[in-house]
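Chemist: below is the sequence, then the predicted model.
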Amino acid sequence: MSGSPPPTGGFVRRVGLFQATAINMSQMCGIGPFVTIPLMVAAFGGPQAIMGFVAGAVLALADGLIWAELGAAMPGSGGSYVYLRQAFQYRSGRLMPFLFVWTAMLFIPLIMSTGVVGFVQYLGYLAPDMGRTTGDLVGLGVILLVVVLLWRGVEHIARITAVMWAVMITSVLLVIVAAATDFSAHLAFTYPAHAFELTSSHFWIGFAAGLTIGIYDYLGYNTTAYMGAEIKDPGRTLPRSIIFSILGIMAIYLLLQIGTLGVVDWHRMTDPGDIASTSVASAVLEETWGKGAADTVTVLILITAFASVFTGLLGGSRVPYDAARERVFFRPYAKLHPRHRFPMLGLATMGVITAIGFLIGRHTDLATLIQLLTTVMVIVQALAQIVALSVLRRRQPALRRPYKMWLYPLPSLIALIGWLTIYGYADKNSPGRHPIEWSLTWVALGCVAFVVWARLEKVWPFGPKEISEEYLTGPAPEVEPAAT
């Protein structure tokens, strides 16, 4: 039953609204805007890049309302895994939740790896003579420290996260205040010719690239949905933590983007040899308050980046737990730490993949890496979850829904258009990289893996199709005969 206490030996509900919102906001902000503002400016070709953050906020809010309804109704560990399992079990058995876990075990830690890349990038401002090998070792050390800190009970993690959230807010506010003290409206609002030429294909390709970067910066509004089994009063707390974190981060990003453009000439952000192209926040502080202040805020930004990776792996490591416990993923992932009750193998595996992704990201283009990660996520999570919301409304009308999407189905349609735009323009935004082909290949490999796994486990299509509606009150789960 939705919102009921976990069984003995399961997770403990100890995370309240403030901590949940802090977890989301720490994951959303992190190093993202500090490294992507120059990428956004380059995508749009001028200070009109603010449109990318606005478009990203609209997509995040529309998609966040989907997460809010599903998370409040089914507050289990694993987030999308739970929702896809419930929605698609009627026709395709366990295929969709298996594919989600298959892709999540890749895209969640790889997204975290971009945060570590940004960490090392900003560290280069404080240590300009740092070589590539040293930077690689520092990044791997950061990942190891994150895993060590997460190897404990969630009640301790919640307190650590609250402190990191405070540091994140402080670092962002200092950059915003510093920019306000030396703000130039001429720099911020002088646009190049044809900046808003809506009939130009160049504008829309740039817009799609900016939307991709924008939604990447907002990713994390769903972190607490992965921790649904550890949230107090999830029917109220989950939707509020999602909506509050999106609105809060949207305000922060707009102030940060406009303030930065009002201090640093946007042409500097597109020059690979300029410090503004790699450490734009440090450049803002150096321009306004001097080198000492820039160094101090850079340290705070490094802590913020660390907090983002910390909260991302915290939520992401819970994804394979429920799947393995219910025989939809490899069984060893169902084991919790005997004392602290966290999924050991999930955390360890994602830590290793984060390290691999970091090393790859250090030797490739960050914007392209973001594009590749996003396309993989779009198919199996974003688009599938939009469908899942409608399927569950039809298949399980009696499901207790403490929160229901405002203006349904309008937010679902907005989210659908946004995700399809990102996916459809992926190849044009990453020439020669073929992100669409890579994403389809990964999903195809997941389907092959599912067939092998289903054969070994003797489940559909090689066994009975099990229908389990555990979030409904009523008769025991139904078992349908195997397809012939």
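Modeler: It's in. Since the structure is predicted, the reported quantities are computational estimates derived from the model, not experimental observations.
Chemist: what count of nearby residues applies to Leu445?
Modeler: 11 (other CB atoms under 10 Å). The way it works is simple: take the backbone N, C-alpha and C, and place the C-beta from them, glycine included.
Chemist: contacting residues for the spatially most central residue of the chain?
Modeler: Closest to where the C-alpha atoms of the chain average out (CA atoms, centre = their mean) is Leu219, at 3.3 Å. Neighbour list for Leu219: Gln27, Met28, Gly32, Ile111 [criterion: CB atoms under 8 Å, 6 or more residues apart in numbering].
Chemist: spell out the secondary structure type for the first one.
Modeler: It refers to Gln27. Recorded secondary structure, Gln27: helix (DSSP: H, G, I helix; E, B strand; the rest coil).
Chemist: got a list of what it touches?
Modeler: Gln27 neighbours (CB under 8 Å, 6+ apart): Leu219, Gly220, Thr223, Ser308, Thr311, Gly312, Gly315.
Chemist: how far off centre is stretch 294-306?
Modeler: Computed by CA atoms, centre = their mean, to the nearest Å, the chain-centroid distance of stretch 294-306 equals 21 Å.
Chemist: distance to Leu389 and pLDDT added to the contacts of Leu219, as TSV?
Modeler: Shown next, in TSV, are the contacts of Leu219 (distance: CB to CB, whole Å; pLDDT from 0 to 100):
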residue	distance to Leu389	pLDDT
Gln27	22	75
Met28	22	83
Gly32	26	81
Ile111	23	85
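Chemist: greatest separation within the residues you listed: which pair is it?
Modeler: Met28 and Ile111 (11.5 Å; CB to CB).
Chemist: if you average pLDDT over the strand or helix carrying Phe207, what comes out?
Modeler: Element membership for Phe207, per DSSP states H and E: helix 201-218. Helix 201-218 comes out with an average pLDDT of 89.
Chemist: helices or strands up against it?
Modeler: Judged by 3 or more CB pairs under 8 Å, 6 or more residues apart in numbering; DSSP states H and E, the packing partners of helix 201-218 are helix 32-44, helix 50-73, helix 234-261, helix 366-377, helix 410-424, helix 426-429.
Chemist: relative to helix 32-44, how tilted is the second one?
Modeler: Relative orientation of helix 50-73 versus helix 32-44 (axes from the mean of the first three to the mean of the last three CA atoms, to 10 degrees): 130 degrees.
Chemist: following the helix holding Phe207, which helix or strand shows up next?
Modeler: helix 223-226.
Chemist: quick one: mean pLDDT over that next one.
Modeler: 85.
Chemist: same check, this time on stretch 188-198
Modeler: On average, stretch 188-198 scores 88.
Chemist: swap in stretch 424-444?
Modeler: Averaging pLDDT along stretch 424-444 gives 79.
Chemist: next: stretch 305-315.
Modeler: 81.
Chemist: ok now it, how far from the chain's centre?
Modeler: 10 Å.
Chemist: next one: stretch 131-139
Modeler: 25 Å.
Chemist: just the buried positions in that stretch, please.
Modeler: Gly135, Asp136, Val138, Gly139 (16 or more other CB atoms under 10 Å).
Chemist: distance check, the residue nearest to the centre of the chain against Ile252.
Modeler: Distance of Leu219 to Ile252, given as CB to CB, to the nearest Å: 15 Å.
Chemist: and stretch 220-231, end to end?
Modeler: 16 Å (CA to CA, to the nearest Å).
Chemist: next, the contact list for Thr296, please.
Modeler: Leu285.
Chemist: in terms of helices and strands, where is it?
Modeler: Counting by DSSP H and E, Thr296 is part of helix 291-316.
Chemist: and the angle for that helix with helix 32-44?
Modeler: 100 degrees.
Chemist: after helix 291-316, which helix or strand is next?
Modeler: Past helix 291-316, the next helix or strand by DSSP H and E is helix 319-325.
Chemist: gap between the residue lying closest to Val172 once chain neighbours are set aside and Arg240?
Modeler: For Val172, ignoring the flanking residues on the chain, the nearest one in space by CB to CB, 6 or more residues apart in numbering is Ile252 at 5.4 Å. With distances taken as CB to CB, Ile252 is found 18 Å from Arg240.
Chemist: neighbour-wise, which of these two wins?
Modeler: The residue with more neighbours, out of Ile252 and Arg240, is Ile252; 20 against 17, by other CB under 10 Å.
Chemist: separation between that one and Thr212?
Modeler: To Thr212, Ile252 is 20 Å away according to CB to CB.
Chemist: Ala384 now?
Modeler: From Ala384 to Thr212 the distance is 19 Å (CB to CB).
Chemist: also Ser77?
Modeler: Taking CB to CB, one finds Ser77 at 29 Å from Thr212.
Chemist: so between these two, which is more surrounded?
Modeler: Per other CB under 10 Å, whichever of Ser77 and Thr212 has more neighbours is Thr212, with 32 against 24.
Chemist: who's in contact with the closest residue in space to that one that isn't next to it in sequence?
Modeler: Spatial nearest neighbour of Thr212, chain neighbours left out: Ile422 (5.0 Å); criterion: CB to CB, 6+ apart. Ile422 makes contacts with Ala208, Leu211, Thr212, Ile215, Thr374, Thr375, Val378, as judged by CB under 8 Å, 6+ apart.
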